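Asker: quick check, what structure comes out for this input:
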Amino acid sequence: MKTYFLLLLLALGGCAAEQVQHTEQAPNVDFKSYKTYNFLDVTARNEAAFQGPGTGIEILKQAIGREMQRRGYQPSASPDLLVNIGVVTQDKVQTRETSLRDAPIYLGQRNYHWQSQDVVVGRYEEGTATVEVVDAARQELIWQGSVKSVLSPKADKLTKRIDDAVAALFEKFPVQPSK
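Answerer: Okay, here's the model as predicted:
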C-alpha cells in the first residue's frame, strides 16, 4: 500500500508545470542584514529573440520583485543586493510510440513488416530561468537558483506560469516571506 501511495505522489509531482532545477547559497551569509535590491541590466546574446511583448522578461522581473518584497527587501537605486536573470527557451516536441494497435490490418503477402515509431503529438516551448543574487558591495554571488517551466503562448497563462515558477523557486530562498 505504501509503495502505491509513493508512486502516486511521484507521478503527481512529475506533472507540475514548474520544476526547481537547483539552488545554491554561499556559506556564512546573513541574508537578513540586506535591506534593498535592484536588477542588473538585462542584455541578451540574441537581442531579436527578446524584443516584443511575448518574451516574458518584464513579467519575470515583476514576479521576482514581488518575491523579494515579500521577504522584506525594497527596490533601490543603490541596492545592497543585485539580481541577475538568465533565460533560456527551447522548442520541445512531445511524442508517443506507436503500438501494435496502430498497425495497419495485414492481409496477404508474407513479407509484411511493421515497426514501432515515435509519432509527434504536440509541440511546446520550455523556459529555464536562472536567478542570481549578488552582494553589491563585495560583488560576490550569495545565492542562485534555476527553475524550468512549460511556457504558454497565451499572455494570461504565461504570466501565471512565470509567477508559479518564481514562487516555487523562492520557496528555496534563505529568507522566508514576512508574515
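Asker: in the protein, which spans are strands?
Answerer: Under the criterion DSSP state E, the chain contains strands at 18-25, 36-39, 74-75, 81-97, 118-135, 140-151.
Asker: now for the second one, which elements pack on it?
Answerer: Yep, that's strand 36-39 we're talking about. helix 57-70, strand 74-75, strand 81-97 (3 or more Cβ pairs under 8 Å, 6 or more residues apart in numbering; DSSP states H and E). Where C-beta positions appear, they are placed from N, C-alpha and C, glycine not excepted.
Asker: what's the answer for the third one, then?
Answerer: With contacts taken as 3+ Cβ pairs under 8 Å, 6+ apart, strand 74-75 sits against strand 36-39, helix 57-70.
Asker: same check on the longest one?
Answerer: When contacts are defined as 3+ Cβ pairs under 8 Å, 6+ apart, strand 118-135 sits against strand 81-97, strand 140-151, helix 155-170.
Asker: again, only using 7 Å
Answerer: Using 3 or more Cβ pairs under 7 Å, 6 or more residues apart in numbering; DSSP states H and E, the elements in contact with strand 118-135 are strand 81-97, strand 140-151.
Asker: the last one too?
Answerer: Contacts defined by 3+ Cβ pairs under 7 Å, 6+ apart place strand 140-151 against strand 18-25, strand 118-135, helix 155-170.
Asker: how close does the residue nearest to residue 22 when sequence neighbours are not counted get to residue 84?
Answerer: Nearest residue to residue 22, sequence neighbours excluded (Cβ to Cβ, 6 or more residues apart in numbering): residue 146, at 5.9 Å. Separation of residue 146 from residue 84 (Cβ to Cβ, to the nearest Å): 12 Å.
Asker: neighbour count winner among those two?
Answerer: residue 146 (18 against 15; other Cβ atoms under 10 Å).
Asker: that one: what's it in contact with?
Answerer: By Cβ atoms under 7 Å, 6 or more residues apart in numbering, the residues touching residue 146 are 21, 22, 128, 129, 130.
Asker: among those, which two are most distant?
Answerer: 22 and 129 (12.3 Å; Cβ to Cβ).
Asker: when the two are compared, which one has more neighbours?
Answerer: Taking other Cβ under 10 Å, residue 22 and residue 129 do not tie; residue 129 has more neighbours (25 against 11).
Asker: OK, contacts around residue 163?
Answerer: By Cβ under 7 Å, 6+ apart, the contact list for residue 163 reads residue 63.
Asker: what's the residue closest to the geometric middle of the protein?
Answerer: Geometric centre of the chain, nearest residue: residue 148, 2.5 Å, by Cα atoms, centre = their mean.
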